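Asker: turn this into a model:
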Amino acid sequence: MPRSPSTGRAGNFPPKSDTNRGHRLYQHTNNLYVAMDEDQLDVINGDDEGQNGHGSVNGVGRRRKDLDVDDNGVTHRVVIDRGCYSMSEFHDQHGYQRKDKVSPREFVQRKLKRCRCGVDQFLGLIVYIFPAFDWLRQYNLRNNAVGDLMAGITVGIVNIPQSMAFALLAVLHPVYGLYTAFFAPLAFFFMGSSRHTSVGTFGVISILCGDAIEKILAERYPPTDLPSTIEPITTISPSSPYPTTPTSMINATTPAPCGPICDERIQLHTTLCLMVGLIQIFMAICRLGFVTTYLAQPLVRAFTTGAACHVITSQVAPLFGLVLPRYAGPLSLIYTWRDIFINIPKTNVATLLFGVLTFLILAPGKYLSERYKKQLKIPIPWELFVVIITILISYLVNVGDKYGVDIIGDVPTGFPKPTVPSLPSGVRVSDLIGDAISIAIVGFAVSVSLAKIFASKNDYEIDANQELLGYGASNATSSFFLCFVSASALARVALIDGAGGKTQVSMLISSIILMFVLLFIGPLFEPLPKSVLAAIIIYALRRIAFQITEIRGLFKTSKVDCSIFVVTFLSVFILGVDLGLGVGVVYGLFTVIARTQLPNYSEQGHLVDTELYRDVKTYKSVKVKPGMVIFKMQTSLYYANAQQFRQRVLRATGINPVIRLAEIRKAQAAMEKNTDEKMESSMAMKEMDLSKDELHSILIDCSHFGFIDITGVNTLLALVRDYGRIGVETVFCSCADSVMQSIKVIGALNEECDIFYPSIHDAVLSLPRKQALEADENTTDNKDYENSRNEATRL
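Answerer: Alright, predicted model coming up:
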């Protein structure tokens, strides 16, 4: 399409002589010169150097001078000298190469060619699955050994009471927490990529598992048969490999014998652990580590806050020495607090005193450790001190027999016999699969979030899929040793980092500490009151529970994120941990859909003294181009927002092209009816093209279109067609190549289609010239048509 040259001039930049197809468009600004020519692009920093012509690299000259500030406070100038392009011209000028589409057959063939079998490939696969074989060869004893040793010993000591306490959340005997804390890290040591993760018991996962198992047991046994706590392990039944408790050893706090119910409970826990591990391994094979991206940070924090409320509530009864029924499902938290207030007069004072003593030691101890942590080379294990002190008091006073304090009781030594997990008769895999999927995703999401935080802090990267494989292998293998589902806990991970841990060796040392406990000193924990463990749990979760205070900050920064936090927290608090998580995820995805369906729309205007275009409501110096509407939507265009997008364009232009076309045709029909028969039909056609508005162009900024579907393409092309019928041209600016190709392919447009422009400024400068040329051509055609008609009339 031919172009006439422009002789506009800006500042001291003289216009170059016009070449074959080049033209010059200079826009003068106080601090910016925009000169467009199809032959050259110069970017010049500075005032005077723009005229000196110093230096040029690959056709782009970059010049600098001292930062002299002008009257407007601007320290640099930018000079651009290039041509105004449509996308077809831009492609021709710069040698655009479209990516070839690969057929499914070619894609498979390329993948097969990359597959190689050999010793090197096999060893590479082994190292990929077991990263420990790689980093152990490079382990630096001098720099890492001391830190890993101290961190492992510290975490191992803290893990003893913590794992026993979290086992109670799963409604299991505390010894199962020690089993989980020992066996779970072993597989992750070889297969995980995080250096600071501490796999083991985790409060939120424990309560999720406990709720899932108790829900099944509640359907199999009357509520009066379900013990509120797990009794001491004393014997192993000949008919079952699972530890049981004879009725003669039942504690007074247990309403009914526990033997067969405890057997089924641990069977269900080990099977659930195996299922979670297999699900995580399957997700790792399918490269589904990205699923955690759908768990927004406000959602995870709200979920952990709500779960912490459930955990703390579950420990109030043992803290006061109360025997209460365990509820599961919606409103369980409310029912539990109702029972707590009703039974508060039945509090066992001795039990409560042990809990109060625990708080009195932990609160000042943790405060001092936090205040003087820089001076302390090794964190002080206050939890272990509490356990030792309370064990000594309990043993010397014999509080279990004299005052009815609920204690741990018998703790067996040694390791459990490996046992294949199996379900009790009458229980199907389908009864656990839903809970297993949710626990697998939540456990991985929380764990990998912690891993990413500390990996970023210590300057290394983790592989989310490798982490998923490590967690899956950890749960699957530990399920054969009477363990329940494991995950990473914030307190232990922070402790490893604070104690100077460098690699996964610290986790291995922590397991060795627990092995020593299981083999030799386990019976020493028998006099430990359960209220002490309850107090340790409550104190450890206090900060997570206080995350509820983040609502104020979220409300100020993002109303949507605040709503996600509130909805998720209330759902978990009222409906339960499992249903609440589901509601939170669904609502989080709904907000994403709502944001794309109801995005920000704006009409763009020219920012004076620049080539930039911004929202007309944002800047005072923005000027609207007469006869043009520049429209922008800040999201991708697809079926969910296509109709809304069309309505917003109609609102921005103030013209509905369908209605206007009907009005024009109606006026045309009336005019043809009332005019003389000799009136030229071309005059009627000319009248139909005329609009009573000044609008002649619509520019749609597609820079925020990450993708577009068939509905979006049809919406755009419908706008082009409808507005074109009333003489208004619609073009698309700043389209990504993939979006532009989608529009062309779906709309069956040819490659020379002239409705795409590389920028808004190109379209703004080119469209008036293009329309002027078309008007000249139409005028010439009309004159030729009239002359031919006159000649025919004379003949």
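
Asker: going forward, measure contacts between C-alpha atoms and count neighbours the same way
Answerer: Will do.

Asker: point to the residue nearest the middle of the chain.
Answerer: The structure's the chain has its C-alpha centroid closest to Thr293; by Cα atoms, centre = their mean the separation is 3.0 Å.

Asker: just checking, that one is part of a helix?
Answerer: Yes - secondary structure assignment (DSSP: H, G, I helix; E, B strand; the rest coil) places Thr293 inside a helix.

Asker: and the gap between it and Asp578?
Answerer: 19 Å (Cα to Cα, to the nearest Å).

Asker: so which residues of the chain form strands?
Answerer: Secondary structure of the chain (DSSP state E): strands at 25-28, 32-36, 78-81, 199-200, 235-236, 243-244, 487-488, 601-607, 613-615, 622-623, 628-633, 697-701, 729-733, 756-757.

Asker: for these, which one sits closest to Arg665?
Answerer: The minimum distance between Arg665 and the strands of the chain falls on strand 729-733, with 19.0 Å, by Cα to Cα.

Asker: so what does the closest one touch, helix or strand wise?
Answerer: Contacting strand 729-733 under the criterion 3 or more Cα pairs under 8 Å, 6 or more residues apart in numbering; DSSP states H and E are the following elements: strand 697-701, helix 710-725, strand 756-757, helix 760-794.

Asker: ok, Phe303 touching Gly582?
Answerer: No - if you go by Cα atoms under 8 Å, Phe303 and Gly582 don't touch, sitting 10.2 Å apart.

Asker: who's more crowded, those two?
Answerer: For Phe303 versus Gly582, neighbours defined as other Cα atoms under 10 Å are more numerous around Phe303 (28 against 15).

Asker: what's near enough to touch the more buried one?
Answerer: Contacts of Phe303 were listed using Cα atoms under 8 Å, 6 or more residues apart in numbering, and they are Thr568, Phe569, Val572, Val577, Gly580, Leu581, Gly584.

Asker: what distance do you get for the closest residue to the first one other than its chain neighbours to Gln297?
Answerer: Computed as Cα to Cα, 6 or more residues apart in numbering, the closest residue to Thr568 that is not its neighbour in sequence is Gly584, at 4.4 Å. Between Gly584 and Gln297 the distance, using Cα to Cα, works out to 12 Å.

Asker: what do you get for Leu554?
Answerer: Taking Cα to Cα as the criterion, Leu554 is separated from Gln297 by 11 Å.

Asker: one step back: Gly584 and Gln297: which is more packed in?
Answerer: Gly584 (27 against 15).

Asker: surely the more buried one meets Leu570?
Answerer: No - with contact taken as Cα under 8 Å, Gly584 and Leu570 are classed as non-touching, separated by 9.3 Å.

Asker: run a quick neighbour tally on Lys346.
Answerer: Applying other Cα under 10 Å, I find that Lys346 has 12 neighbouring residues.

Asker: what's the answer for Cys733, then?
Answerer: Neighbours of Cys733 under the rule other Cα under 10 Å: 25.

Asker: who's in contact with it?
Answerer: Contacts of Cys733 (Cα under 8 Å, 6+ apart): Leu699, Ile700, Asp701, Cys702, Ser703, Phe756, Tyr757, Pro758, Ser759, Ile760, Ala763.

Asker: which one of the residues you listed is nearest to Arg195?
Answerer: Within the contacts of Cys733, distances to Arg195 taken as Cα to Cα reach their minimum at Ser703, with 40.8 Å.

Asker: how about that closest one: what's its closest non-neighbour residue?
Answerer: What sits nearest to Ser703 in space, not counting adjacent residues and going by Cα to Cα, 6+ apart, is Ser734, at 5.0 Å.

Asker: same question for Ile334.
Answerer: For Ile334, the nearest residue in space outside its immediate sequence neighbours is Ile574; the separation is 7.6 Å by Cα to Cα, 6+ apart.

Asker: distance check, the one you found against Leu376.
Answerer: Between Ile574 and Leu376 the distance is 42 Å, computed by Cα to Cα.

Asker: comparing those two, which residue is more hemmed in?
Answerer: Ranked by neighbour count (other Cα under 10 Å), Ile574 and Leu376 place Ile574 first, with 19 against 12.

Asker: show the average pLDDT along stretch 403-411.
Answerer: Averaging the model's pLDDT scores along stretch 403-411 yields 83.

Asker: ugh, wrong one, stretch 342-355
Answerer: 91.

Asker: just the C-alpha atoms of that stretch, please, in CSV.
Answerer: What follows is the C-alpha trace of stretch 342-355 in CSV, where atoms were taken according to Å, rounded to 0.1, in the frame of the first residue of the first chain:
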residue,chain,number,x,y,z
ILE,A,342,-20.2,-28.6,80.2
ASN,A,343,-17.5,-30.9,81.7
ILE,A,344,-15.1,-28.3,83.0
PRO,A,345,-16.1,-28.9,86.6
LYS,A,346,-14.8,-32.5,86.2
THR,A,347,-11.3,-31.2,85.6
ASN,A,348,-8.5,-33.4,87.1
VAL,A,349,-6.5,-30.8,89.0
ALA,A,350,-3.2,-32.8,89.0
THR,A,351,-3.4,-33.3,85.3
LEU,A,352,-4.0,-29.6,84.8
LEU,A,353,-1.1,-28.7,87.0
PHE,A,354,1.3,-30.6,84.8
GLY,A,355,0.0,-28.7,81.8
